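> this is a predicted model, with the sequence first.
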There are 2 protein chains.
Amino acid sequence: MEKEISQAVIRRMPRYYRYLGELLDDGVERISSNELSTRMRVTASQIRQDLNNFGGFGQQGYGYNVKYLYDEIGKILGMNQRHNIIIVGAGNLGQALANYVKFEKWGFVIIGLFDVNSALKGISVRGIEVRMMDELEEFLKKNQVDIAALTLPKEKADEVANWLVNLGIRAIWNFAHLDLELPEHVVVENVHLSDSLMQLSYNIVRTEKSKDKK
Amino acid sequence: MEKEISQAVIRRMPRYYRYLGELLDDGVERISSNELSTRMRVTASQIRQDLNNFGGFGQQGYGYNVKYLYDEIGKILGMNQRHNIIIVGAGNLGQALANYVKFEKWGFVIIGLFDVNSALKGISVRGIEVRMMDELEEFLKKNQVDIAALTLPKEKADEVANWLVNLGIRAIWNFAHLDLELPEHVVVENVHLSDSLMQLSYNIVRTEKSKDKK
DNA sequence: TAGATTGTTAATCGATTAACAATC
DNA sequence: TAGATTGTTAATCGATTAACAATC
């Protein structure tokens, strides 16, 4: 039986991937868990434990080959395959995501942009034309869509998400400020910007308080 | 000595706040940890433990008063005070954030928008004019800025962040795809969209694999 | 008073760190 | 071969869950 890998580990993988990418760009050929731990400010033990969840990528006495490890983590994260994305909700955030070219470097390609607002009909963002929601069903039949990014008001999000799932969508990148209620087989990744801002605010308040104490 | 509250707890606080806000909107007056645990799909024990890090907000035999608890968590998160924000980097993401009116509901007010790109000079987003970076120092002298949101390419982010800190900024909401190297007293909250997308991708790949197994 | 539900202590579980034998 | 560093087991630490006495 497959051992389930904890979300704590998975959250760290993109960060390893990022650091290895930078090392690669800098022309570094090999690195030890110890050297990497110093750069990333984590323990070497954690790095080795994390990686060994997926396999033994290193070599005793040598360390890790940067290029090899980068590619392997890439595979683990699915960076070796293309992911077609549609953005549902073509407001500011939706358009900002559509404009974000960097994602394509990792194989995430935005192939559609949808909205209910007919004022947006016909406008294009980086060559991607905004379509109306009633064209979505047809679009999903003709195109393989791997991920739907939800950038719409929370009032509509749950309904739209369920509708998308019924049409066959299996993965949702949710920017709406609510917890979606979806069948278990659907993969959901949340980006709650206001939660993030509140955490920041908490830490500001906390810092101010500890200053008062001194 | 003040006991340090773990980041795991802090990450959950905005979610409690959100659920309580919804209950409040629905006119619910009181709620037990048990009832709330069912809605939020966490254990009642965790809810009580989390809250008791900050104080005893409930009453035996009664539960929690929704309005009171909502306000108290609001205070913990600093939602009772105004936070002035500047956005540094007026590209798509920066403009999207500037357009996001919802933040003001929680007291986060965007008071400035800065960029190096002179092509953007003079344009306005929701009444906030884009200023050039060389006006920033003067702006910080004249206005109280609590948070700087960094929405610029990672190549510039570290330099700009350090410069901002030297000018007195104490909190940074970082959207650039790198880890900022800043003095310890500076509070940083990261939003790494590509990390989030990679986590989603990992979970898609994982789901596909477990399907193959069956 | 009896019932309900908190606040809090104790038990369990999981994640992180340390240690070291295996091995390149 | 000697030195370095991994992979992995064992120890520790912290976070979550369970249990229950306190109390409204």
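Perfect, I can see it now.

> count of neighbours near the nearest residue to residue A:91 once chain neighbours are set aside?
Among residues not flanking residue A:91 along the chain, residue A:151 sits closest, at 6.4 Å (Cβ to Cβ, 6 or more residues apart in numbering or on different chains). To be clear about C-beta, it is placed using only N, CA and C from the backbone, and glycine gets the same treatment. Residues lying near residue A:151 (other Cβ atoms under 10 Å in any protein chain shown) number 25.

> run through the residues that contact residue A:151.
By Cβ atoms under 8 Å, 6 or more residues apart in numbering or on different chains, residue A:151 lies in contact with A:87-91, A:93-94, A:97, A:175-176.

> quick one: strands adjacent to the biggest strand by length in chain A?
Longest strand of chain A, by residue count under DSSP state E: strand A:108-115. Using DSSP bridges, strand A:108-115 pairs in its sheet with strand A:83-88 (parallel), strand A:128-132 (parallel).

> following the shortest one, which helix or strand shows up next?
Pointing back at strand A:128-132 there. helix A:136-142 (DSSP states H and E).

> what comes up buried for that following helix?
Buried residues in helix A:136-142, counted by 16 or more other Cβ atoms under 10 Å in any protein chain shown: A:136, A:140.

> which other helices and strands contact that helix?
In this structure, helix A:136-142 packs against strand A:83-88, strand A:108-115, with contacts taken as 3 or more Cβ pairs under 8 Å, 6 or more residues apart in numbering or on different chains; DSSP states H and E.

> which SSE is immediately downstream of that helix?
Next along from helix A:136-142, by DSSP H and E: strand A:147-150.

> residues in contact with that next one?
A:83-89, A:94, A:97, A:108, A:157, A:160-161, A:164, A:169, A:171-176, A:180, B:200, B:204.

> quick one: contacts of whatever helix or strand comes next after that strand?
Under the assignment DSSP H and E, the closest C-terminal helix or strand after strand A:147-150 is helix A:154-166. For helix A:154-166, the surrounding residues in contact (Cβ under 8 Å, 6+ apart) are A:88, A:116, A:148, A:150, A:152, A:172, A:174, A:176-178, A:180-183, A:186.

> let's see it at 7 Å
With contact meaning Cβ atoms under 7 Å, 6 or more residues apart in numbering or on different chains, helix A:154-166 is reached by A:88, A:148, A:150, A:152, A:172, A:176-178, A:180-183, A:186.

> before we move on, the earlier item: to residue B:52, which of the helices and strands packed on helix A:136-142 lies closest?
strand A:83-88 (40.1 Å; Cβ to Cβ).

> show me where chain A has its strands.
A:30-31, A:58-59, A:63-65, A:83-88, A:108-115, A:124-125, A:128-132, A:147-150, A:171-174, A:187-190.

> can you redo these as TSV with mean neighbour count, mean pLDDT and distance to residue B:66?
What follows is the strands of chain A, written out as TSV (neighbours: other Cβ atoms under 10 Å in any protein chain shown; pLDDT from 0 to 100; distance: least, Cβ to Cβ, whole Å):
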stretch	mean neighbour count	mean pLDDT	distance to residue B:66
strand A:30-31	18	98	52
strand A:58-59	16	96	53
strand A:63-65	19	98	52
strand A:83-88	23	98	32
strand A:108-115	21	97	35
strand A:124-125	14	94	41
strand A:128-132	17	96	40
strand A:147-150	24	98	28
strand A:171-174	24	98	25
strand A:187-190	19	98	24
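
> adding distance to DNA strand C, write these out as CSV.
Output for the strands of chain A, formatted as CSV (distance: least, Cβ to the nearest atom of the strand, whole Å):
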stretch, distance to DNA strand C
strand A:30-31, 12
strand A:58-59, 5
strand A:63-65, 10
strand A:83-88, 26
strand A:108-115, 27
strand A:124-125, 38
strand A:128-132, 38
strand A:147-150, 25
strand A:171-174, 22
strand A:187-190, 18
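
> would you mind telling me which of the ones you listed is nearest residue B:43?
Across the strands of chain A, closest to residue B:43 is strand A:187-190 (Cβ to Cβ), at 20.1 Å.

> quick revisit: out of the contacts of helix A:154-166, the closest to residue B:139 would be?
For the contacts of helix A:154-166, the nearest to residue B:139 is residue A:177 (30.0 Å; Cβ to Cβ).
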